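Visitor: Predicted coordinates and the sequence they were generated for:
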Amino acid sequence: MLVAGFPAGAFQTNCFVAATGPGEACIVVDPGQDAVEPLEELLAEHRLTPVAVLLTHGHFDHTFSVAPVCDGHDVPAWIHPDDREMLADPLKGLSRDAVAFFGGRIEMREPREVRALTDGSELELAGLTLRVDHTPGHTPGSVVFTTPTAEGVEVIIAGDTLFAGSIGRTDLPGGDHAQMMASLRDKLLVREDSAVVLPGHGPTTTIGRERASNPFLQGLTSAPRRGL
């Protein structure tokens, strides 16, 4: 399995590609601000061909380049319905101060084809099986994507639900702290400690490391663990 990525734009949002190997079809996850050029370089480096763009949530720092990437490669975007409206109106996910900072306007549009993500579904894309888990809290439509490696280790593309040493903020429009805690408890702490977490910002981590040291997870009691 090939997973590669880079931090894009002023928000340093992690954009990832995943494929079964070099020279194959791939998925693209969260092409954010200023992501088009570095993404094309990454695709060329590994000789990858996108078949879909997956979005962990609707905030514009994760979706800013979705239309040019999708339409440029003639592939669909996948997003949870609860966040879809932010594709064309990203201000709905921003604080009042942020809206004022951007002058009350950010020009974005939906790509030509948008498909809906549903909780618990499995996507068969680019030779990969990706489970979708709805993890509301940061936004109403936040999701995480999980796929196993050949060695049986889960790789979790977590968006802004879980970071190394932190969690996604819940004080923006649509955020909900209680939902975030439930999502972390019921959808992420149930994973094996070996599961690799690829967050929306910052470095890679593991479930075991976050279970042991993330201050926001202390005291959360997880249900019995499950795999993919």
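Guide: Sure, I can see it. No experiment lies behind these values; they were computed from the predicted model shown. Numbers count the residues shown, from 1 in each chain.
Visitor: Okay, now the unreliable bits of this protein?
Guide: 93, 95-105, 221-228 (pLDDT under 70).
Visitor: can you give me the strands for it?
Guide: Ranges of strands in the chain, per DSSP state E, are 2-8, 13-19, 25-29, 49-54, 77-79, 114-116, 122-125, 128-134, 143-148, 154-159, 162-163, 166-167, 196-199, 205-206.
Visitor: Can you add distance to Pro38 and give those back as a markdown table?
Guide: Any C-beta I mention is one placed from the backbone N, CA and C, and that applies to glycine too. Below are these laid out as a markdown table (distance: least, Cβ to Cβ, whole Å):
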| stretch | distance to Pro38 |
| --- | --- |
| strand 2-8 | 5 |
| strand 13-19 | 8 |
| strand 25-29 | 12 |
| strand 49-54 | 14 |
| strand 77-79 | 19 |
| strand 114-116 | 24 |
| strand 122-125 | 22 |
| strand 128-134 | 22 |
| strand 143-148 | 21 |
| strand 154-159 | 18 |
| strand 162-163 | 21 |
| strand 166-167 | 25 |
| strand 196-199 | 17 |
| strand 205-206 | 23 |
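Visitor: Out of those strands, which gets nearest to Asp61?
Guide: Proximity to Asp61 (Cβ to Cβ) singles out strand 13-19 among the strands of the chain, at 4.7 Å.
Visitor: who's in contact with the closest one?
Guide: 1-8, 25-33, 35, 38-39, 42-43, 46, 48, 50, 61-62, 126-128, 147, 155, 157, 198-202 (Cβ atoms under 8 Å, 6 or more residues apart in numbering).
Visitor: what does stretch 64-73 give?
Guide: With contact meaning Cβ under 8 Å, 6+ apart, stretch 64-73 is reached by 8-9, 28, 31-36, 39, 49-50, 53, 55, 75-77, 87, 90, 108-113.
Visitor: just checking, which of the residues you listed belong to helices?
Guide: Under the assignment DSSP state H, the contacts of stretch 64-73 contribute Val36, Leu39, Leu87 to helices.
Visitor: Please identify, among these, the one with the most neighbours.
Guide: Neighbour counts for these peak at Leu39, which has 27 neighbours (criterion: other Cβ atoms under 10 Å).
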